[in-house]
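In: Fold the following for me, if possible:
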Amino acid sequence: MSRAIDLVLADVDGTLVTGEKVLTEAAKRAVHDLHAAGIKFAITSGRPPRGMAMVSQPLAIDTPIAGFNGGVLMAPDMETVLNSYDLPGDVIQTALDLLGEHGLDAWVYTKKRWLIHDVSAPHVAREAKTVQFEAEVVARFSADDLNSVVKIVGVTDDKSRMQAALQAATKEFGERVTAACSQPYYLDITNAKANKGAVVDELSQRLDIPRDRIATIGDMPNDVTMFKRSGMSIAMGNADDEVKSSAKFTTDSNENEGFAKAIRKFILDGARS
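Out: Here you go, the predicted model:
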């Protein structure tokens, strides 16, 4: 643990916040202590950028913010778009059809809009509470709705349907898109360049920090790409075994201050060893 770290990049849900989406005092102190040690802190999430304000504002984040798994990179002011990757136009309807065939609800995100068909569908109310804005309900996705789509999400609590849809999307699109689960019930489909590994590369370049001096921490399969691109990787205790095996270290769960413990043990204490 003698490796020097200049930037910590953290996932949000399942990592930085609890299951009830609470940013704990211990997590806030950990980020404060990083700054005091001269270590930068950044966040990335499958959430839309505007849905990350509840984390970025109390933490006074001053680095670029990567929403939609890197599909949109925002300046800290949450107004200026630094970079974005839309889904290819010919992929969008095919992806929606594929999700429907596998029995998943489909959500469509543009840079500023969240579109759904049914406000009472599973996870809609919880997601609205999490991101702190409401979805727009439409009977069907119009051509205008499907212009400049950044992310499509398939939603189901049925694990077998989720796995079947993930496999079908991977087979259908190959390397043309990034298809990965950001939560056990969310299948995120984004531009191939929109993944958390690319976020590491983007921040490395923009902040002039070598990748081997970046630490990443997360809990889901879509976090593995950033594990592979960073010098230090930390899996949350609530991650599944495959995600844990992809990381160099494992910490406690997000319900037991795993983020704060990881910052202390692997970053701050490690820097002093």
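
In: and the nearest residue to residue 100 once chain neighbours are set aside, what is it in contact with?
Out: Computed as C-beta to C-beta, 6 or more residues apart in numbering, the closest residue to residue 100 that is not its neighbour in sequence is residue 106, at 6.7 Å. (Each C-beta comes from the backbone N, C-alpha and C, glycine too.) Applying C-beta atoms under 8 Å, 6 or more residues apart in numbering to residue 106 gives the contacts 96, 99-100, 116-117, 152-155.

In: What's the per-residue pLDDT of residue 106 here?
Out: Note on residue 106: pLDDT of 98.

In: Assumed it was part of a strand.
Out: Yes: remark: residue 106 belongs to a strand, assigned using DSSP: H, G, I helix; E, B strand; the rest coil.

In: Against residue 154, how distant is it?
Out: 6 Å (C-beta to C-beta, to the nearest Å).

In: what residues are shared contacts of these two?
Out: In contact with both residue 106 and residue 154: residue 99, using C-beta under 8 Å, 6+ apart.

In: Just give me the neighbour total for the nearest residue to residue 178 once chain neighbours are set aside.
Out: Counting by C-beta to C-beta, 6+ apart, residue 195 is the residue found nearest to residue 178 once chain neighbours are left out, at 4.4 Å. Using other C-beta atoms under 10 Å, residue 195 has 27 neighbouring residues.

In: go on, the one 5 residues further on?
Out: Counted by other C-beta under 10 Å, the residues lying close to residue 200 total 27.

In: so what's the residue lying closest to it once chain neighbours are set aside up against?
Out: Excluding the flanking residues, the one nearest residue 200 by C-beta to C-beta, 6+ apart is residue 229, at 4.0 Å. If a contact means C-beta under 8 Å, 6+ apart, then residue 229 has 197, 200-201, 211, 214, 216 as its contacts.

In: In strands only, show me those residues.
Out: 214, 216 (DSSP state E).

In: could you dump the contacts of residue 229 to CSV with distance to residue 165 and pLDDT?
Out: Below are the contacts of residue 229 laid out as CSV (distance: C-beta to C-beta, whole Å; pLDDT from 0 to 100):
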residue, distance to residue 165, pLDDT
197, 22, 97
200, 27, 98
201, 28, 98
211, 32, 97
214, 32, 98
216, 27, 98
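
In: count of residues packed around the closest residue in space to residue 194 that isn't next to it in sequence?
Out: With C-beta to C-beta, 6+ apart as the criterion, residue 194 has its nearest non-adjacent residue at 3.8 Å, and that residue is residue 71. Residue 71 has 29 neighbouring residues, counting by other C-beta under 10 Å.
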